[in-house]
Each structure stands twice: as structure tokens, then as C-alpha cells.
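>>> 3D model of this:
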Amino acid sequence: MAGSFHVVECPDCGNEQTVFGRASTPVACVVCGSTLATPTGGKAQFTGDVVETVEARE
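Residues are numbered from 1 along each chain as shown. Predicted coordinates:
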């Protein structure tokens, strides 16, 4: 399995955004610009709450 997508809620504005679980670049909220995910060399570290996880289909 290559990875999954996560719906992450922004801690600042409450916007929900879909983020790849193995993000290789920092992911910013499209509404307020706050950082939602930071790359760690493997799975991304999320700063907001993960609302939902969507697993990859086979």
C-alpha cells in the first residue's frame, strides 16, 4: 500500500482539507495559511485533528 489520504481540520480556522499521509512538502491551509502537515521522511506529522482517513483502494 502506497499511502492514504486524511481529512485534517485546521486548528486555527476549522477548515477541513484532504492531505496525503506521506506528504513530502509542508501542507498549508488554503483558507488561513496555517501549517496542517509537516514532512518527517515517512508519514507526515499533522498539526490539526484527523477527522477521517480514506484508505487506498486496491
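>>> Could you point out which residue ranges in this protein have low pLDDT?
Scanning the chain for pLDDT under 70 picks out the ranges 1-2, 56-58.
>>> Show me the strands in it, by range?
5-9, 16-20, 27-28, 35-38, 45-46, 49-54 (DSSP state E).
>>> I'd like the ones you listed written out as CSV, with mean neighbour count added.
C-beta here means a position set from N, CA and C on the backbone, and glycine is covered the same way. As requested, those are exported to CSV (neighbours: other Cβ atoms under 10 Å):
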stretch, mean neighbour count
strand 5-9, 18
strand 16-20, 15
strand 27-28, 18
strand 35-38, 19
strand 45-46, 15
strand 49-54, 11
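>>> Name all residues that make contact with the residue nearest to residue 49 when sequence neighbours are not counted.
Nearest residue to residue 49 in three dimensions, chain neighbours excluded: residue 9, at 4.8 Å (Cβ to Cβ, 6 or more residues apart in numbering). Residue 9 makes contacts with 15, 16, 48, 49, 50, 51, as judged by Cβ atoms under 8 Å, 6 or more residues apart in numbering.
>>> from the residues you listed, which single one is nearest residue 4?
residue 50 (10.4 Å; Cβ to Cβ).
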